[in-house]
Each structure stands twice: as C-alpha cells, then as structure tokens.
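J.: have a look at this prediction, sequence included:
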Amino acid sequence: MWHTVAVAELPVAVTTRYVCVPAVEEAVYAVLELANGTAHALLAGPVEVSVDGDFLLTAALPTLAPGGVREVGLGRAEELRVARHSELRESTSGVLNSTTVLDHRVRIELVNRLPHEASVEVRERVPVSGDADVRVEERPGWSPPEEPSAQLPPSARIRRVVVPAGGSTELTGGYVVRIPAGKAVVGGNRRS
C-alpha cells in the first residue's frame, strides 16, 4: 500500500500563454509556463492541471531546478481562432526587366472567445538565401528568435500580441525576394 507524505510546499509561478504557427496549422495551442523561484529543486513527476476548479489534464513535469522555467503543453485552445491569408505578386524590375520580384504578403487574423485577454505568440517563417545575389527583404514588426533552436530555426519570425476578451486582432507581414536574371527559386517561384 502506498502512502503520500507532504515534505514541503513550494510556490511556483504559473503563466498561461498561447502559441500558433498558422502557416503549418490554423490552430492555437495553450502552454503552461512554470517558473521555480525557490531555492529548492522540484522533482520530476505528474502534475494535475485544473482551470477554475475543473480538472483539465495530468501532464509529466520534468525536474525543475531552482530558477528554472519549463513549459507544459495543454493542447488545442478551441476558444482561440486563427486564420492565415497569403498573397503573392510576381513582377520584374530593373533595366530590361533583369530582376524577378516576388512580393509575399501575409495577413493573420486572431479571434479570442475567452472571457479574458489572451497573450498569443504567432510564429511565421521567411526564406533564407544561400546565394549572395538573391535578396530577401522582410516587412517590419516580426522578430527573429532570441535563441534559435530546433523548434525555432533562424528563419522563424515571432510576434507577440494580446488579444482582448471577446475581441480580435489582425497582423500583417511578409517579405520580398529579389532574384537576378538567370536564377530561380528551387521548386518554382510560387510559395504559400
């Protein structure tokens, strides 16, 4: 027979935020961020997550060192909607139309049906050229990841926005690719 004995009670800062990558999937996911501000490590084990007193799920919490921060995925947030609209305009410029210009415009709509505001991290992507002659010019407002990783490569772009309760927000972005004559994008110029 198992017995549970409480050894200590340690306060942990908990923040809920939301993440979406609309170019891959038009869905928003909830993430629980746990921060250990104590001088003690929290050992790995199951953590029960409840919202407003209602049980949501049981997740595996890895060991959390003093001062450490970990994320626990809570699944899809059905109350938040995202839609991504993209448009490509292809033209030529320069003397004798020597440069192909691919103007990619992206518009992202976020709708919040939660009874409170939601902090959403929207992730997009930009192309990376291995050719010095091909230029990629980004539209402002998006930032590269502070620390690139496998989940957030250097080509990722991030924008954080707070969507009001019962409200919506629209983000714009995109990039322009300038390709000199005689060169082309591998796989063709059309991209989503």
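T.: Thanks, I have the structure now.
J.: list the beta-bridge partners for the residue lying closest to residue 163 once chain neighbours are set aside.
T.: Excluding its sequence neighbours, the residue lying closest to residue 163 (Cβ to Cβ, 6 or more residues apart in numbering) is residue 112, at 4.0 Å. For glycine as for every other residue, the C-beta is placed from the backbone atoms N, C-alpha and C. For residue 112, the beta-bridge partners under DSSP bridges are residue 80.
J.: gap between the most centrally placed residue in the chain and residue 61?
T.: Closest residue to the average C-alpha location of the chain: residue 123 at 3.5 Å, with Cα atoms, centre = their mean. From residue 123 across to residue 61, the span is 24 Å (Cβ to Cβ, to the nearest Å).
J.: ranges for the strands of the protein?
T.: 13-20, 28-35, 45-51, 54-61, 69-76, 80-93, 99-112, 118-125, 135-138, 156-163, 168-180 (DSSP state E).
J.: strands paired with the last one, and their directions?
T.: It refers to strand 168-180. For strand 168-180, pairing defined by DSSP bridges yields strand 99-112 (antiparallel), strand 135-138 (antiparallel).
J.: before we move on, the earlier item: quick one: contacts for the residue nearest to the centre of the chain?
T.: Residues counted as contacts of residue 123 (Cβ atoms under 8 Å, 6 or more residues apart in numbering) are 19-21, 152, 156-158.
J.: now residue 31
T.: Contacts were defined as Cβ under 8 Å, 6+ apart; by that measure residue 31 touches 16-19, 71-74.
J.: pLDDT at it, what is it?
T.: In the predicted model, residue 31 carries a pLDDT score of 91.
J.: ditto for the one 10 residues further on
T.: The per-residue pLDDT reported for residue 41 equals 89.
J.: residue contacts, it?
T.: 63-66.
J.: quick one: which of those sit in helices?
T.: Assigned to helices by DSSP state H, none of the contacts of residue 41 qualify.
J.: by neighbour count, which of those residues wins?
T.: Ranked by neighbour count (other Cβ atoms under 10 Å), the contacts of residue 41 have residue 64 at the top, with 20 neighbours.
J.: just grab the bridge partners of that one for me.
T.: Applying DSSP bridges to residue 64, the residues it is bridged with are residue 42.
J.: that one against residue 70, yeah?
T.: Yes. With contact taken as Cβ atoms under 8 Å, residue 64 and residue 70 are classed as touching, separated by 5.5 Å.
J.: so where's this protein uncertain?
T.: Counting by pLDDT under 70, the low-confidence segments of the chain come to 97, 184-192.
J.: 80 instead, please
T.: 4, 50-53, 56, 94-97, 181-192 (pLDDT under 80).
J.: distance check, the residue of the chain most remote from its centre against residue 48.
T.: Seen from the C-alpha centroid of the chain, the residue lying at the greatest distance (Cα atoms, centre = their mean) is residue 1, 44.9 Å away. Spatial separation of residue 1 from residue 48 under the definition Cβ to Cβ is 21 Å.
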